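Peer 1: What follows is a protein structure lacking sequence information:
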């Protein structure tokens, strides 16, 4: 038998993306008066800024 290529045995190698876009969701729990939570979220989004644009979504609407 011929030796198989390792990528032939890996089902993850056969995946194809549906779109070229990504979705990043982040949820934090904290007090409304605690600015540390918002600062953490801003810091995290700044690290991803070349890849994403930060938009606020109001879940109550």
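Peer 2: Looks like it arrived, so ask away. Here the structure is a predicted model, which is why all the values come from computation and not from measurement.
Peer 1: For the residue nearest to the spatial centre of the chain, which non-adjacent residue is spatially closest?
Peer 2: Geometric centre of the chain, nearest residue: residue 24, 3.4 Å, by CA atoms, centre = their mean. Excluding its sequence neighbours, the residue lying closest to residue 24 (CB to CB, 6 or more residues apart in numbering) is residue 52, at 5.5 Å. The C-beta positions use only the backbone N, C-alpha and C, and glycine is treated the same way.
Peer 1: Tally up the residues packed near that neighbour, please.
Peer 2: Neighbour count for residue 52, taken as other CB atoms under 10 Å: 13.
Peer 1: can you pull the contacts of it?
Peer 2: 22, 24, 45 (CB atoms under 8 Å, 6 or more residues apart in numbering).
Peer 1: ditto for residue 30
Peer 2: Here residue 30 is in contact with 36-37 (CB under 8 Å, 6+ apart).
Peer 1: where does the residue nearest to residue 24 fall, phi/psi-wise?
Peer 2: phi -130, psi 160 (degrees, to the nearest 10).
Peer 1: could you measure it against residue 29, distance?
Peer 2: According to CB to CB, to the nearest Å, residue 52 stands 22 Å off from residue 29.
Peer 1: Look up how far residue 23 lies from residue 36.
Peer 2: 25 Å.
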